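Student: below is the sequence, then the predicted model.
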Protein chains: 2
Amino acid sequence: MLFSTKAEYGVRLMVELGRQPGSAPISLSAVAEAERLPLSYLEHLVAKLRKAGLVTSTRGAHGGYRLAKPAAEITMDAVVEALEGQIAPMECFHDAPDGKVLCSHEDDGDHACATKLLWTRVQGGVTKALSGTTLAELVEFGGTAAHGERRATVGTAA
Amino acid sequence: MLFSTKAEYGVRLMVELGRQPGSAPISLSAVAEAERLPLSYLEHLVAKLRKAGLVTSTRGAHGGYRLAKPAAEITMDAVVEALEGQIAPMECFHDAPDGKVLCSHEDDGDHACATKLLWTRVQGGVTKALSGTTLAELVEFGGTAAHGERRATVGTAA
DNA sequence: GCATAACCGACCGCTTCAGTAGGATTTAGA
DNA sequence: TCTAAATCCTACTGAAGCGGTCGGTTATGC
């Protein structure tokens, strides 16, 4: 499995928030019930999302969570990264501050790291798919399929 | 991390086999020494590759492993899948026999699985990167990047 | 002041990961 | 024929992460 249920649950949570029309905050328990997910586990996940600045919270009675930005401006790479940590295909991969991809055992033998080409391509494919998908798309996708006829085509990000 | 070191080590192992010019089998200990990887761990990995039909083995003295097919005909999706198991972004994803992608909680609520769009795109990106890369490419990549003649001769073991 | 809800940290059973250990079987060559 | 080299196989282990629970604290609307 590429991702754990943290990403799955977290994205579902975000979609649920994005689905809400008004500006009133939604309580976690409402989300948990709607998505049939354990409330106490969601607490951990939403904490990550909050620390990443993706959702805002209001405490106390009638409090809850809402999106920090419009759903169309939230790309899924930020969401998944907040939940799962840095998206790298391999342990030795880490993003340099300047955006370049590094491999920790670059050239540590008598030849360059032959696997770097592969993992770079994989990472490119994943980040492209994630950053090319907005939360608004997912809300729309789930929403239209909800009432009425079934959307069969899923399509791939270009 | 998307993949564990199983994929990393296994790919390195395959590259090492592909690097060898002759048709003589290479012992695992030679590979382990060249790549500085634990021999007994490589045994587990190469077993998976063998069961997947990617390498062949000859037992006994002067035995070892070699590629079951030319490196140009080996795509990395087969290699990684042999090592890591089925490549799916999420637990609920599984390939149907007819090649279609299924989600186990398709439509389990009052709306379709909103995350399916996202995971489908991610899976597409990953499989595209993996199946679009051949072992020969990696061998070539590591080879040219190597500083010419300092290429280690994975000769007969010590 | 009470119910509601966000917050926080500790804990737990389970599985996987990465690696080790010890042996058995097969084979080439002296 | 004996031996060293190699594959092959099973079992085990420490560490870490996953999925989830629990109890408690703080903040807030009614």
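Tutor: Perfect, thanks for sending it.

Student: isn't A:Gln123 up against A:Asp95?
Tutor: No: counting by C-beta atoms under 8 Å, A:Asp95 is not a contact partner of A:Gln123; they are 9.4 Å apart. Placement of C-beta: from N, CA and C, glycine included.

Student: of those two, who's got more company?
Tutor: Per other C-beta atoms under 10 Å in any protein chain shown, whichever of A:Gln123 and A:Asp95 has more neighbours is A:Gln123, with 21 against 13.

Student: flag every residue of chain A that's near DNA strand C.
Tutor: Counting by C-beta under 7 Å from any atom of the strand, chain A comes close to DNA strand C at A:26-29, A:40, A:43-44, A:46-47, A:50, A:57-65, A:91.

Student: narrow these to those in helices?
Tutor: A:Leu28, A:Ser29, A:Ser40, A:Glu43, A:His44, A:Val46, A:Ala47, A:Arg50 (DSSP state H).

Student: mind giving me the packing neighbours of the helix or strand of chain A with the lowest mean pLDDT?
Tutor: Within chain A, no helix or strand scores below strand A:101-103, which has a mean of 71 by mean pLDDT, DSSP states H and E. Under the contact definition 3 or more C-beta pairs under 8 Å, 6 or more residues apart in numbering or on different chains; DSSP states H and E, strand A:101-103 sits against strand A:93-95, helix A:116-131.

Student: okay if I get those as TSV plus mean pLDDT?
Tutor: Listed next are those as TSV, based on pLDDT from 0 to 100:
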stretch	mean pLDDT
strand A:93-95	77
helix A:116-131	96
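
Student: can you tell me which of those is packed in deepest?
Tutor: Compared across the helices and strands packed on strand A:101-103, helix A:116-131 shows the largest average neighbour count, a mean of 21 (mean count of other C-beta atoms under 10 Å in any protein chain shown).

Student: that one vs helix B:116-131, what angle?
Tutor: Angle between the axes of helix A:116-131 and helix B:116-131 is 160 degrees (criterion: axes from the mean of the first three to the mean of the last three C-alpha atoms, to 10 degrees).

Student: tell me the helices and strands packed up against helix A:116-131.
Tutor: helix A:76-84, strand A:101-103, helix B:116-131, helix B:135-145.

Student: partners of the least confident helix or strand of chain A in the sheet?
Tutor: strand A:93-95 (antiparallel) (DSSP bridges).

Student: that older thread, show me which of the ones in helices among the residues of chain A next to DNA strand C is closest to DNA strand D.
Tutor: Nearest to DNA strand D, judged by C-beta to the nearest atom of the strand, of these is A:Ser40 at 3.6 Å.

Student: circling back: and the ones in helices among the residues of chain A next to DNA strand C, which are buried?
Tutor: A:Leu28, A:Val46 (16 or more other C-beta atoms under 10 Å in any protein chain shown).

Student: restrict the ones in helices among the residues of chain A next to DNA strand C to those near DNA strand D?
Tutor: Filtering those for neighbours of DNA strand D using C-beta under 7 Å from any atom of the strand leaves A:Ser40, A:Glu43, A:His44.

Student: before we move on, back to that, how about TSV for the ones in helices among the residues of chain A next to DNA strand C, with distance to A:Leu130 added?
Tutor: Converted to TSV, those look like this (distance: C-beta to C-beta, whole Å):
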residue	distance to A:Leu130
A:Leu28	24
A:Ser29	29
A:Ser40	27
A:Glu43	24
A:His44	21
A:Val46	20
A:Ala47	21
A:Arg50	20
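
Student: any stretches of chain A with poor pLDDT?
Tutor: A:97-100, A:104-112, A:143-158 (pLDDT under 70).

Student: return the residues of it in contact with DNA strand D.
Tutor: So far as C-beta under 7 Å from any atom of the strand goes, chain A lies against DNA strand D at A:4-6, A:9, A:37-38, A:40-41, A:43-44, A:58-63, A:84.

Student: find the closest residue to DNA strand D in chain A.
Tutor: For chain A, C-beta to the nearest atom of the strand, closest residue to DNA strand D: A:Gly60, 2.0 Å.

Student: re the thing from before, out of the helices and strands packed on helix A:116-131, which gets nearest to B:Ala71?
Tutor: helix B:135-145 (4.0 Å; C-beta to C-beta).

Student: and that closest one, what other elements does it pack with?
Tutor: Helix B:135-145 is packed against helix A:116-131, helix B:5-19, helix B:76-84, with contacts defined by 3+ C-beta pairs under 8 Å, 6+ apart.

Student: one more time with 6 Å
Tutor: Under the contact criterion of 3 or more C-beta pairs under 6 Å, 6 or more residues apart in numbering or on different chains; DSSP states H and E, helix B:135-145 touches helix B:5-19.

Student: show me what the helix it packs on is packed against.
Tutor: helix B:28-35, helix B:76-84, helix B:135-145.

Student: ok, 7 Å please
Tutor: On a contact count with 3 or more C-beta pairs under 7 Å, 6 or more residues apart in numbering or on different chains; DSSP states H and E, helix B:5-19 meets helix B:28-35, helix B:39-51, strand B:64-67, helix B:76-84, helix B:135-145.
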